[in-house]
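Visitor: give me the fold of what follows.
(chains A, B, C and D)
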Amino acid sequence: MKVELKDISKRFGNVHANDRVSLTVEAGTIHGLLGENGAGKSTLVKVLSGFISRDSGAVLLDGKSVEIKTPADAIARKIGMLHQDPLDFPPLSVLDNFIVGKTGTGLIDRQRSLRQLQQLSTHFNFNLNHYETVANLTVGERQQLEILRLLSLGVSTLILDEPTTGISASQKTALFKAMKQLASEGKSIIFVSHKLEDVEELCDRVTVLRHGKVRGRAEIPCPDAVLIDLMFGRELAPPLKPQTRQSEPALQLEKIRVDTDRLTLRLGDLTAYKGEVIGLAGLEGSGQQQLLLMCAGLLRASTGQIRVNGVEMTHESYSKYLDRGIGYLPADRLKDGLVSGLSIQDHVALRTPSRSLFVDWKETLKQTVQAIATFNIRGKPNTLVERLSGGNQQRTQLALLPVPLNLLLMEHPTRGLDIESVLWVWQQLIARCQTGTTILFMSSDLDEIMRYSDRVIVFSGGQASHPIAVSDLTADRLGQMIGGRLSDTLEPSVIS
Amino acid sequence: MRLNGLTMTAMNNPTLKRWGWVTALGLLLGSCSPSAKAPDSAPQSPATGAAKDFTVGMVLVGPKQDGGWNQAQFEGIQAALKTIPGTKLEYVDKVNVADRPNVKGSQVADDLINKGAKFVIFNSDDFKDDALATAKKHPDVTVIHASGDYAWKEGKNFKNQPNLGNIMGRMEYGKMIAGCAAALGTETGKIGYLGPLINDETRRYASSAYVGAKYCWENYRKKPAQDLTFKVTWIGFWFNIPGKTLDPTKVADDYYNGGYDVVMSGIDTPEVAVQGKKAAEAGKKVKFVHYDLATGCNLAPDICLGVPYYNWSFPYANSIKKAIDSKYVSEFTWLPPDWKNINNPETSMVGFNEGAALGDNKKFLDEFIKGLGDGSINPFKGPLNFQDGTPFLKEGEVATDQQIWYLPQLLAGMEGSSK
Amino acid sequence: MTKRIFYYQLASIALAIVFITAIILVVGASPPSVITAMWSGAFGTVGQFARVIATLAPLLLCASGLLFTFTAGLYNLGIEGQIAFGAIVSTLAIRLTQDSLPPALVIVLAILMGGVGGTLWGLLAGVLNVYGRINEIFSGLGLNFVADGLALYLIFGPWKREGVASMSGTEQFPESLWLPTFGNTDASPIALLIAIAAVAITLIILRGTYFGLRLRAVGQNLRASYVLGIPSIRQLLSAFAICGGFAGIAGALQVLAVFHRLIPNISSGLGYLALLVAMLVGLNAWFILPVAFFFSALNIGSLQLPLDLDLESSLAGVIQGTLVLFVLLARGVSESLRKPSTTPLHKGY
Amino acid sequence: MDIAQITPILATAIATSTPLVFACLGETIAERAGVINLSAEGTILLGAMTSFAIAKTLEGSGTVPSLLAGFAGAAVVGAAIALIVALGTLTLKQSQVAIGFVLALLGASLSSFLGNSFVRIPGPTVPSFKIPGLQNLPLLGNLLFQSDLLVYLSYAAIALVWVYFYRTRAGLMLRAIGEQPNAAFARGTNVVKMRYIYTLIGGAMMGIAGAAFSLDFKAGWSHMHTAGYGWIALAIVIFGGWNPLRVALSCYLFGILQSLASVAQSSIPAIPSQVFNVAPFMLMILLLVLTSSEWVERVLKLLPSPLDRTASELIRSAPPAALGKVFEQD
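Guide: Residues are numbered from 1 along each chain as shown, chains lettered A, B, ... in the order given. Below is the predicted model:
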């Protein structure tokens, strides 16, 4: 089925997630949708699959305009979507997951469904235990199951949203083989990714989004440099940051490995120096966040050691980390960083070390007023934090950082902020660096990384590159690394 | 008018005045009556004009239509007041920890007295402290505690409170007759007794039922005592309090389904009859003995062996009359059946209505009643042992009133807890 | 509270009143006479007014305690059991010391031990919740049954009155151990003072202390509070402990000031009533006093209904429940009309 | 005690657990869909009162029609309360605990206020009915098939709910909604609508449970006639691991505990008899606490793996993942 999206626009508040985006996928082809995090890829495919209603634009299937308002509509139009995080039912068995949502007679004919599932599994050479509980499956297996289920529904358009994160190499091979097979059977496939390698291996054609707009289209094969140019736009921004790095080591990591559900981060050894800013580049979910959380004391490393300013911190509690002047700024400010329902002043009081039982509201008010002035927060002391704009929330978070601050760990420090705020925030941060604060931050904005880092570590699939001085970075090299081509990694030898 | 007066009293107190306002607002919110000028529209005509009216108050432990003890009490006092012109009844039922949490019997009595009651009856053993407290707090009010012993000079707990009296029937006779009827009615030789809570009174009644049953089993049925099973299961209160007592419905079912073909009720409510009826309808050959209420057999007449009951009207009427004439002095009234006619409503406080299920055995029961009346039969005559084997009555010894009233244990031969 | 929410609340109370009026009309009674009866039942005599005060004391204590758990985002349905266990421990203290210590000391000790008992019972629910991962609602309900069972066991077992095993409770304590009352009434100035002190303490702690502030943070967002460095488990357990402690003192007062003994159902549903009070006042401690007073007056006044109008006194519960239900629904309406970015308090469970 | 004595007691226990079976199945349905209907206590009481009042009022028109009207009325009342729960929690997104708890208290108070004139009067009851062929089966006949139609209906209800949950597509989707409403939405289901429907069905069944008390197993109506059973029903659903079969067995276990309490009273005289009265409630809760705590899962992990899966299916204690949570569609 030929799928056409015409001039799709979608706004979330002030953000133009999709701005007149058009996309055409011919039947029997695999179409790549490429772009950085936040480029608008997910919004676009969610419009097609009925999860998001568009503001304007049209969806055409085989030339006919259709209305898709709910996932049910999409299913009826034979559009199926494989989500980045598997949307399935962990407590149910593989077979039951396969059956949920399928129409048919009231009673379930499990034997029939089982035969169908087995047939499909054999067809694509997937190996699933039909009676296993889905919770016990790997992400790759859950994807396989979901694909088989979608196919059993008879979908003719298949959307895959970042399907290769968190799956093994062999699962990826199997997945790609299946995709190609499906395309050859006449299905149209939209493959959302930010991995150059995958796109080049799989797709026939590619559309690149950037900041909600189509930046270009290309036929595969296509040189990396072209795609990287489309994705990241232009020459990298020149470094803006003055030299603040001192010679004393601040953060020392040794043989670190962090295991989480989705990802194992193998880091090896790393040393960051006082006053240094290290940017963590890479696609979201490649391990940067795990590193930040671990350094903040919020996530335990499975192996390895961590020292801050020479003090052993490996097995210390989170409160010890706070005591050592280690600050953490989460990306989701209202979920992880600030407490909605509490005012700025409440937050200031919470972070003021005090031995007394009672809150000295007068004193905290003074401090709050001062903080509001210093950090240029547009809000009153009694303004509830959820009523602040994103930028002011970020300023509030900055105001709450411990003093003295030895190590600062940040996720997307300027996401959603206007340019003025971005400049201001970094001004503050650099001032901190000059007093010896070490900063590790992750960002999906490569300009930000280039401008404000001393060194950059690129992450891909749980692997991290050696720290590279920004002066040694080129757009091409960075793009390749982000796209998954790390030349050498921090970890000395890969333990298999 | 009355309310006006009361409000005025309340308003004289400055604190009350303020809170009065708050609550006035609250109550206005609480109901959207357009005519909140309540004092004028108070429908209850207070006892103006008829100043000589005599109000009797009654505190009932259970619901007034419980088909048992409380209903008998309630019907008794109503009948009594019909015989005395110018009297009026105020009552509150269901006064117990479960139905009216945080309400004490004495508080209810205060309210009744506040409504003009000069004579207050507490109808349950559980009210003994409340009755005493009320009598002390209101020396000008006559307080009757039905089933207590605080006014019994010869008893263990005499309190010497001049305006507190006790009224009770010698139900042990009724229970002996009931036990006899049960023994005459059982085919399996298994009698279940659904007991309320455990105290002097209930031990006395369960044991009376047992000695009556044993007598008739041996003498009329001509069977050895060891073939008679007599089991007592206590539910924990006079009636079901969900979650705090056993469910009498279930206990009755367990009896009927467990081969106990005759079940005797010792509680206030009619679960034994109701479940018996259901069991009989399901084809089981079961019978029951009711308790407390004269009309109790009507619930399931075909399978009713009879009902020992109280007739509260005339003893209450007697005491009320004395109180009206200001002649009431504390007394312990413990009335036996009128053996000339135990079912005479004028004279017999304890009666027994025989049920249809007795059939031909009626003649034995009448013989037994006659024997009790003329003294030729006394089942409380030794040798009798307690449940734990210690002797209660020696050979030929007859139990005294105190021994019967304060029976410390169930008797040997009965199954069930004594404490 | 913004103006709009206020109007919604007002409208919801009006609707509640319509509903309650309808219920009264269904049973064939007249609303004005019901008001009259309840008014006279609550304020007709000094004795009745005193009973309103006597019921108010434990209600205030429990509602204050519940503000702590509500602030921490917890539904402490176990409060009934915490009252009961406080009463049990208090009774134990009296039984152990009444022969050897002066009465005043016994009373003080009994109140303190009541608080200790309630604290322990509250902590138990908290530990089951935090470490056993049992939802606090069910651990609370379960512990209610257990405390009830324990009280019954003691009343019918080791602590029973001579020769009597009865619902009327244990042997009455000597009058020297009763809390002094206003004249010949049921209201005890000491109980009232303790209760008002509890409200004041609650106000001060929740508004003025770091502890209260942290508790609010934990109740609003457990994760962010942790990131901000607040020891959240300790805060949750403290909330359980404080609420239990207040409830336990209420239990001790039920023993010392109201029943002068341990009875089954010593909590008398006051804990649940306090939950309704707490739900109605939201997190605003100032409203506890008027709302609790109103509810207490309803409870006491309703006893007049069977006397005057032959109606069930459970109308009090109908009024209380209806008010809270409609106010909750109105809160929902005003929240669902507000812009979706703000989230309501206590979402989910 | 031999088998001849035990059978009738077991039979009573099973039959008299019937109202609980209806209530618990109803709650299981609602909770499996992700809605915890905490109003069970009030719903059962109000259902019991309404059904008795209706049946009693219509008694003149014959036992069967009056009983049917009574049951229907109870179902409507139960569904109406569930509608408030659904409206308050699914549409207005208030806490399921708060709304349910208030309704539990309100329903209880309403039942005793409105039911005052029906207290302790005899009314119509469900007649007994022995199933001709089955009643003579050895052992089982005595145990299961000598009661009344309502009991047999409850067997059917257990089977029906089980089949619905595990053998039908709609039932599979019901379970799915309670686990991952987002995923269910992705598969084309209107989650909120389905939750409304299942909450109402569950509420109606709890209403019927009330009617089963007042028109059959605790015939009649009195103040707080069935108090406590609602809370127990909530506990049993957890104890039964949200599996209709296990939930039903837990109901019977509770009935057996109650019977044992009356039997054991005289056998163990050392313990005050009243302890036995409250024991079933306490035991049920304690068992719940033991089985739902974390260490059970730890013990399960120690079992060899094939055994583990069967065992965990049987004593699984994980609630539906989305139970009590608000579903926000993007």
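Visitor: where in the stretch 151-300 of chain D is pLDDT low?
Guide: D:266, D:269-270, D:272-274, D:277-278, D:281, D:284-286, D:288-300 (pLDDT under 70).
Visitor: chain A contacts on that one?
Guide: D:167-170, D:172-173, D:175-176, D:179-180, D:182-190 (C-beta under 8 Å from any C-beta of the partner chain). Heads up, the C-betas are built off the backbone N, CA and C, glycines and all.
Visitor: what about D:Leu68, how many residues nearby?
Guide: Residue crowding around D:Leu68 was assessed by other C-beta atoms under 10 Å in any protein chain shown; the count is 14.
Visitor: quick check: it vs chain C, distance?
Guide: From D:Leu68 over to chain C the distance is 23 Å, taken as C-beta to the nearest C-beta, to the nearest Å.
Visitor: surely that residue forms part of a helix?
Guide: Yes. Applying DSSP: H, G, I helix; E, B strand; the rest coil, one finds D:Leu68 inside a helix.
Visitor: just the pLDDT at it, thanks.
Guide: Note on D:Leu68: pLDDT of 96.
Visitor: and for the one 3 residues further on?
Guide: D:Phe71 is assigned a predicted lDDT (pLDDT) of 97.
Visitor: now it: which helix or strand?
Guide: Using DSSP states H and E, D:Phe71 sits in helix D:63-86.
Visitor: which helices and strands sit right next to whatever helix or strand comes next after that helix?
Guide: Of the helices and strands lying after helix D:63-86 in sequence (DSSP H and E), the nearest is helix D:96-114. Counting contacts by 3 or more C-beta pairs under 8 Å, 6 or more residues apart in numbering or on different chains; DSSP states H and E, helix D:96-114 packs against helix C:3-26, helix C:270-281, helix C:315-337, helix D:40-57, helix D:63-86.
Visitor: what residues does whichever helix or strand comes after helix D:96-114 touch?
Guide: The first helix or strand that comes after helix D:96-114 along the chain, using DSSP H and E, is helix D:140-144. Residues outside helix D:140-144 that contact it (C-beta atoms under 8 Å, 6 or more residues apart in numbering or on different chains) are D:7-8, D:10-11, D:14, D:134-135, D:151, D:155.
Visitor: these: which ones sit near chain B?
Guide: Checking those against chain B (C-beta under 8 Å from any C-beta), the matches are D:8, D:11.
Visitor: which helix or strand in chain C has the lowest average pLDDT?
Guide: Lowest by mean pLDDT, DSSP states H and E among the helices and strands of chain C is helix C:136-156, with a mean of 86.
Visitor: which one of the contacts of helix D:140-144 is nearest D:Val119?
Guide: D:Val151 (26.3 Å; C-beta to C-beta).
Visitor: against C:Pro306, how distant is the one residue in the stretch 1-150 of chain C that gets nearest to chain B?
Guide: Nearest to chain B in the stretch 1-150 of chain C, going by C-beta to the nearest C-beta, is C:Thr36, at a distance of 3.9 Å. Plainly put, C:Thr36 is 15 Å away from C:Pro306 if you go by C-beta to C-beta, to the nearest Å.
Visitor: give me the more crowded residue out of the two.
Guide: Neighbour comparison, C:Thr36 and C:Pro306: the larger count goes to C:Thr36, with 28 against 24 (by other C-beta under 10 Å).
Visitor: the more buried one and C:Gln304, how far apart?
Guide: Counting by C-beta to C-beta, the gap from C:Thr36 to C:Gln304 is 9 Å.
Visitor: now swap in A:Glu276 and tell me
Guide: 79 Å.
Visitor: same check, this time on A:Ser286
Guide: 73 Å.
Visitor: again, but for D:Phe113
Guide: 14 Å.
Visitor: got it, and C:Leu59?
Guide: From C:Leu59 across to C:Gln304, the span is 19 Å (C-beta to C-beta).
Visitor: likewise for B:Thr347?
Guide: 39 Å.
Visitor: more neighbours, these two?
Guide: Legend: neighbour count by other C-beta under 10 Å for B:Thr347 and C:Gln304, higher for C:Gln304 (25 against 14).
Visitor: ok, back up a step: buried only: go through the residues of the stretch 151-300 of chain D next to chain A for me.
Guide: Neighbour-count burial (16 or more other C-beta atoms under 10 Å in any protein chain shown) applied to those gives D:169, D:172-173, D:175-176, D:179-180, D:182-189.
Visitor: residues contacting the closest residue in space to D:Ala82 that isn't next to it in sequence?
Guide: Nearest residue to D:Ala82, sequence neighbours excluded (C-beta to C-beta, 6 or more residues apart in numbering or on different chains): D:Gly203, at 2.4 Å. Shown in contact with D:Gly203 (C-beta under 8 Å, 6+ apart): D:26, D:30, D:37, D:39, D:43, D:78-83, D:85.
Visitor: next one: the helix or strand hosting D:Gly203 to chain centre, how far?
Guide: In this structure, D:Gly203 sits in helix D:191-212 according to DSSP H and E. Centroid displacement of helix D:191-212 relative to its chain, using C-alpha atoms, centre = their mean, to the nearest Å, is 11 Å.
Visitor: pull out the buried positions in it.
Guide: Buried residues in helix D:191-212, counting neighbours by 16+ other C-beta under 10 Å, are found at D:191-192, D:194-212.
Visitor: hang on, the earlier thing: considering the contacts of D:Gly203, which possesses the most neighbours?
Guide: Going by other C-beta under 10 Å, D:Thr43 tops the contacts of D:Gly203 with 38 neighbours.
Visitor: how close does the spatially closest residue to that one that is not a sequence neighbour sit to D:Ile81?
Guide: Leaving out its chain neighbours, the residue that sits closest to D:Thr43 by C-beta to C-beta, 6+ apart is D:Met206, at 4.4 Å. Going from D:Met206 to D:Ile81 by C-beta to C-beta gives 8 Å.
Visitor: any shared contact partners between those two?
Guide: Here D:Met206 and D:Ile81 share the contacting residues D:Thr43, scored by C-beta under 8 Å, 6+ apart.
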